[in-house]
Each structure stands twice: as structure tokens, then as C-alpha cells.
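J.: Everything below, folded, please.
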Amino acid sequence: MNDIPLSALFAVLLVLIVCSAFFSGSETGLMSMNRYRLRHRAKAGHRGALRASKLLERPDRLIGLILLGNNFVNILASSLGTVIGIRLLGDEAGIAAAALVLTLALLIFGEVAPKTLAALHPERVAYPAALVLTLLLKLLYPIVWAVNGLVNLLLKPLGVTSVDPSLQSLSAEELRTVVLEAAVMIPKRHQKMLLSILDLEEITVDDIMVPRNEIEGIDWEDDWKDIIAQLTRSQYTRLLVYRGDINHVLGFLHLRRVANLLTSKSELQREDLQGLIREPYFIPQGTPLNTQLLNFQQQHRRYGLVVDEYGEFMGLVTLEDILEEIVGEFTTDPLALTRKVIQQQDGGYLVDGSISIRTLNRTLNWQLPLTGPKTLNGLIMEYLETIPEPGTQLLLEDHPVEIVKTSGNRVRTVLIRPCVTTTEPEQT
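T.: Residues are numbered from 1 along each chain as shown. Prediction:
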């Protein structure tokens, strides 16, 4: 090697450092790529994405190839640098100088700089590198296969496999993190909808149902004239039909069908109306909303009755209620969505005690607790541990609350204001 000019040795050393930078940058670039974007581009036919995706299917082979090439060029560069140092400075000084200079050169130009570039712009590095690595893998496959076989054999007792970890499924919380981190690329409204879809697994029909005491129904044992009058003045499109007691449900009556029947007949008879009653669809208490949404689709239903473990009727859930949990209320004015929330001139809100906590939070963008009681009335009575009298005041989750009206064993109306700065609960 003494016959080779120093200029040629320096040229070869420079090429080896460039090769070291290539292998280091390729490893970081391929491992730092967004796997979801990579799969999307691969499905779209992007050649670089297809090559990179193919390499990442077996990360053990990819890493083995990169480390094989990187270690080879680094060791060769160290040997060549030592030869150059000895020729320039002698044995001892040349070896020391070569070790120092090559350490800095490989660290800066062969490791830190290319890996930083690849981490910041993985696609710009990974796609071109995938072409070269694919050719090298074909050329060096026997060596890579032998090395990976030995490594996998050593790792097998530890329970480590060569399956790509990126192919493992994500949990709901991990998906939530992905959506939140992609906030820049997803419109805020769409991001909120995606998070709401993930929440469907945690929300049950009990949280959104209309309680039984608020459901308007027809008692089939009532006088026929009273039933006709009720049908005429009802503001709902569907009415619950029961016999004697609301737990003895016969089904639902769609008023549009009743109107169509009235146009074809001069006088409506009980037998005619009975033929329009659709049998009820029952939903077990505690059913998650994502499950119920699929059940509605499979059963071709839009509404159902929630029942507890004893078969007692608890409330009503509709398909619209579930969709509103995803897209929000179907109205442009959030306070117009319910008559149960009336804004006052002083900034407070006159609220019906039967309103659900979820509806109140969504309407006013508050954060009242959702664990425990489902209604404002239940939340107040749980806090006070008694049925309050009108005029009672308390601080509920930093919201000043005044009981305006009670009826029997429940709170009918409360005056509630936005949060105050103090956190000390008050009660009078």
C-alpha cells in the first residue's frame, strides 16, 4: 500500500465516510417514517414507498444489512486512516492522530449529520435509499440471512420475534394520541368528531337516553276521544304506546302514518290505529354506544327502549342521539337545542333539573363530572345527600348553584352560573 499515492488513499477514505453517512442516514430515515403515510403512498403506487414498505416488512433483515454495510465501511475507513497517519506522521503519532481525526470525522459526517437530516426529513432520505438497499439486499442476501438467522436464534429465548412492531394494532388511547398529534393536518371540527367516535366505546346508552318520565306516550286503555286529541296536539313524530302502565309497552306509533291514514278515511277507528303500532325494540342497560350504533344498523332501527336487568323500562335512545355524540347537535344555536337551558341577563342559566350532564356540558362547554349521576338533579342530590329546599345555594364543581324550584322528591329548576375563582365548596 506504500506504492499508492496519498491522494488516492484520501479519495477512498472520503468515499468510505460518504458510505458510512449513507448507511446511518438510511437507518434513521426508514425507521422514522410515518408508517400510515407510507402505507397510503404505497397503496397509491409510489415506487419509493413500495420499496421502503417492502424493506420494513422484515426490519431484522433491514437492520442487519445496514449494520453490515456500516460496520464494514467504518472498519475499512479506520484501517485506511491508520495507514495514512503512519505514512504522514510515523507509527505512534500517526496512529494517535488517525484515531482522533477519524473519530471526529465519522461522528460528525458519518453519524450525527446524516441521522439528524434523516430524522427531520425521513422521506427525502428513505425513498432514494430504499432503491440502493434493495439492490444490496439481493447482492448480500446469503450473508444477511446467515447473520439474521443467528441473531433470531439468540433472541428467541427472550420471546423476541422478527415481526414488524408497526403492524401491531393500536389501542383507543394510542389512536387518540395519533389524532391529537395530527391536529395541524386535521381541521379542528373533524378532529373533534374523530375523538368523539373513540369515546363511543366509553359512553353507554344510559348516558344519553331520554328518561321515562320525560317520554310522551299513549295509554291504550284511555278513552278513544282522548287518544285522538293527544294524537292531534302532539309535537313529536313518534309516540310510545302502552297499556295501563308505561312498563307494559305495546310499541311505537309513527304520526306520519296516522296522518296518511286520516287522509284516506273519514273516521279513524281503534282497530285501524292498532295496525300501525310497531313492536318495540329493547336495549339492555349499559350497552356501549359503538355497539348500539351497529345494532341499530343491523336491526334497521332508529330508536329503542332501554331496560334494566329486571326488564323495567328506563328510557328512550334514538339513532339521532348517538350521531349527535359524534357530530354535535343538529342546530346552529347551541342554546336553542333545548328548552331546558335559558340564559339570564346576569350571565347565569336557568336549567331544568332533569337535563343530562352530558347535554349540559355540550351545550355550555362545561366540564361537570360524567361519572356517577346522569342528570343535574341527581348530581345535586348526591352532593347534598338530601332533597334541597328552594333557595338552597351550593358550589358545584366551582359553579355557583341556587335551587329555584323543587317538586316532590326531585329538583325541578336551578340557577347555575359559570365557574368562579374560588375552589372552596359552599352550602347554605
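J.: Following the record's annotation, map out the domains of the chain.
T.: As assigned by automatic domain parsing, the chain contains the domains 6-166, 169-199, 205-327, 334-416.
J.: could you dump those to JSON lines with mean pLDDT and mean neighbour count?
T.: Where you see a C-beta, it was placed from the backbone N, CA and C, and this is true even at glycine. Listed next are the domains of the chain as JSON lines, based on pLDDT from 0 to 100; neighbours: other C-beta atoms under 10 Å:
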{"stretch": "domain 6-166", "mean pLDDT": "86", "mean neighbour count": "16"}
{"stretch": "domain 169-199", "mean pLDDT": "77", "mean neighbour count": "12"}
{"stretch": "domain 205-327", "mean pLDDT": "87", "mean neighbour count": "15"}
{"stretch": "domain 334-416", "mean pLDDT": "83", "mean neighbour count": "16"}
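J.: Contact partners for the residue nearest the centre of the chain?
T.: Taking C-alpha atoms, centre = their mean, the centroid of the chain lies closest to residue 176, which sits 3.6 Å from it. Contacts here follow C-beta atoms under 8 Å, 6 or more residues apart in numbering; on that basis residue 176 touches 195, 198.
J.: Quick one: residues in contact with stretch 366-379.
T.: Stretch 366-379 is contacted from outside by 206-207, 211, 351-358, 360-361, 381-382, 396-397, 399, 410-411, 414, 416, 418-419, using C-beta under 8 Å, 6+ apart.
J.: switch to 7 Å and redo it
T.: 206-207, 351, 353-358, 360-361, 382, 396-397, 410-411, 414 (C-beta atoms under 7 Å, 6 or more residues apart in numbering).
J.: Select from those every entry located in strands.
T.: Residues of the contacts of stretch 366-379 located in strands (DSSP state E): 351, 396, 410, 411, 414.
J.: Just the C-alphas of the helix or strand containing residue 191, formatted as PDB.
T.: For residue 191, the host element (DSSP states H and E) is helix 188-199. C-alpha atoms of helix 188-199 as PDB (Å, rounded to 0.1, in the frame of the first residue of the first chain):
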ATOM      1  CA  LYS A 188     -60.500  21.100  14.400                       C
ATOM      2  CA  ARG A 189     -64.100  20.100  13.800                       C
ATOM      3  CA  HIS A 190     -63.000  16.800  12.100                       C
ATOM      4  CA  GLN A 191     -60.600  16.100  14.900                       C
ATOM      5  CA  LYS A 192     -63.300  16.600  17.500                       C
ATOM      6  CA  MET A 193     -65.500  14.100  15.500                       C
ATOM      7  CA  LEU A 194     -62.800  11.500  15.400                       C
ATOM      8  CA  LEU A 195     -62.200  11.800  19.200                       C
ATOM      9  CA  SER A 196     -66.000  11.500  19.700                       C
ATOM     10  CA  ILE A 197     -66.000   8.300  17.700                       C
ATOM     11  CA  LEU A 198     -63.300   6.900  20.000                       C
ATOM     12  CA  ASP A 199     -65.400   8.000  23.000                       C
END
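J.: Tell me where this structure has strands.
T.: Here the chain has its strands, by DSSP E, at 210-211, 217-219, 238-243, 245-254, 282-284, 303-307, 313-318, 341-343, 349-352, 393-396, 399-407, 410-416.
J.: tilt between the fourth one and strand 238-243?
T.: Just to be clear, that refers to strand 245-254. Angle, strand 245-254 to strand 238-243, by axes from the mean of the first three to the mean of the last three C-alpha atoms, to 10 degrees: 140 degrees.
J.: helices or strands up against strand 245-254?
T.: In terms of contacts (3 or more C-beta pairs under 7 Å, 6 or more residues apart in numbering; DSSP states H and E), strand 245-254 is packed against strand 238-243, strand 313-318.
J.: okay if I get those as CSV plus distance to residue 81?
T.: Shown next, in CSV, are the helices and strands packed on strand 245-254 (distance: least, C-beta to C-beta, whole Å):
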stretch, distance to residue 81
strand 238-243, 84
strand 313-318, 75
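J.: how about the ones you listed, which one is nearest residue 53?
T.: strand 313-318 (43.2 Å; C-beta to C-beta).
J.: Using CSV, list the CA coordinates for the closest one.
T.: Only the C-alpha atoms of strand 313-318 are listed here, as CSV (Å, rounded to 0.1, in the frame of the first residue of the first chain):
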residue,chain,number,x,y,z
PHE,A,313,-88.3,0.4,31.2
MET,A,314,-85.7,3.2,31.9
GLY,A,315,-85.7,5.5,28.9
LEU,A,316,-85.5,6.0,25.1
VAL,A,317,-82.5,6.2,22.8
THR,A,318,-82.6,7.2,19.2
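J.: What is the nearest of the ones in strands among the contacts of stretch 366-379 to residue 158?
T.: Closest approach to residue 158 among those (C-beta to C-beta): residue 396, at 53.5 Å.
J.: Would you check how far apart that closest one and residue 377 are?
T.: 12 Å (C-beta to C-beta, to the nearest Å).
J.: and for the two, which residues touch both?
T.: Joint contacts of residue 396 and residue 377 (C-beta under 7 Å, 6+ apart) do not exist.
J.: on that earlier part again, which other helices and strands contact the helix holding residue 191?
T.: helix 172-181, helix 319-327.
J.: by how many degrees do that helix and helix 319-327 diverge?
T.: Using the same axes, to 10 degrees: helix 188-199 against helix 319-327 is 120 degrees.
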